[in-house]
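Peer 1: Could you work out the structure for the sequence below:
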Amino acid sequence: MNIMTYTGILMDPLAPNPEQIRLEDIAHALSMISRANGHFPEIHTVAQHCLECAAEAKARDLPRDIQLFCLLHDGAEAYLGDFISPVKERMPAYGKAERKLLAMIYEKFAGRVPSAEEKRIVKEIDKTLLYFEFLHYMGVGCGDPGAGLRSQPVFAEMPRREVEERYLAVCEELRK
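Peer 2: Numbering: from 1, shown residues only. This next block holds a predicted model:
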């Protein structure tokens with residue numbers, strides 16, 4: 001079964017082809033997908049979250065590769081949709097499809113898949129941002145604050161097009 005992307009590409013997200021993956025589709029879709037399945041009192045998008053993860057990696061003086069991996073880490077959701085963690089953990093087929101597509105995204109835009117240690121770092125930053133997003137929007141942290149934040153995330157609703165453009169610009173800068 002195919003989907004049609006923002007740029008007009010027909011693709012089967014369960015049998016992706018690298019030529020069908022477009023950064024513009026990822027930035028556009030993630031800028032329209034709300035975190036927490038829409039349960040925050042304001043819209044906070046997956047693209048904003050990814051930008052915050054990349055900024056946190058930069059604030060920790062991590063290499064540009066890790067900053068780029070942080071930016072791209074939810075890229076598969078642009079094609080597969082997003083599920084909240086408690087549901088996603090019970091969907092092994094989704095997890096397999098997500099890992100396959102994400103590896104393809106990393107290869108295409110970062111030139112390689114992150115190492116196990118790099119994946120661990122990205123996951124730690126991802127979970128730290130999740131904690132502070134919930135703390136800000138819901139008044140209670142979700143999960144573990146990890147090492148805490150060194151960056152200054154903007155937890156506020158932002159114009160979707162601005163987020164999309166920032167995502168593309170940050171990706172372009174990190175790929176240089």
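Peer 1: check contacts around Gly81.
Peer 2: By CB atoms under 8 Å, 6 or more residues apart in numbering, the residues touching Gly81 are Ile33. Quick note: C-beta positions are derived from backbone N, CA and C, even for glycine.
Peer 1: Local confidence estimate at it?
Peer 2: pLDDT for Gly81: 92.
Peer 1: what are the phi and psi values for Phe155?
Peer 2: Main-chain dihedrals, Phe155, degrees, to the nearest 10: phi -90, psi 80.
Peer 1: again but with Pro13, I slipped
Peer 2: phi -70, psi -10.
Peer 1: what's the answer for Tyr131, then?
Peer 2: phi -60, psi -50.
Peer 1: Show the model's pLDDT score for it.
Peer 2: The model reports Tyr131 with a pLDDT of 97.
Peer 1: Likewise for Pro86?
Peer 2: With respect to pLDDT, Pro86 has a value of 86.
Peer 1: Okay, and it sits in which element?
Peer 2: Pro86 is part of helix 85-88 when elements are defined by DSSP states H and E.
Peer 1: With Ile26 instead?
Peer 2: Assessed by DSSP H and E, Ile26 sits inside helix 23-30.
Peer 1: Leaving out sequence neighbours, find the closest residue to Arg166.
Peer 2: In this structure, Arg166 finds its nearest non-sequential neighbour in Leu51, 6.0 Å apart by CB to CB, 6 or more residues apart in numbering.
Peer 1: Strands of this protein, residue ranges please.
Peer 2: 3-4, 10-11 (DSSP state E).
Peer 1: Helix or strand with the lowest mean pLDDT in this protein?
Peer 2: Within the chain, no helix or strand scores below helix 85-88, which has a mean of 86 by mean pLDDT, DSSP states H and E.
Peer 1: what's the offset of that helix from the middle of its chain?
Peer 2: Relative to its chain's centre, helix 85-88 lies at 16 Å (CA atoms, centre = their mean, to the nearest Å).
Peer 1: Alpha carbons of that helix, as PDB, please.
Peer 2: Listed next in PDB are the C-alpha coordinates belonging to helix 85-88 (Å, rounded to 0.1, in the frame of the first residue of the first chain):
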ATOM      1  CA  SER A  85       6.000   5.000  23.400                       C
ATOM      2  CA  PRO A  86       3.700   2.700  25.500                       C
ATOM      3  CA  VAL A  87       1.900   1.700  22.300                       C
ATOM      4  CA  LYS A  88       5.000   1.600  20.100                       C
END
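Peer 1: Many thanks, I have nothing further to ask.
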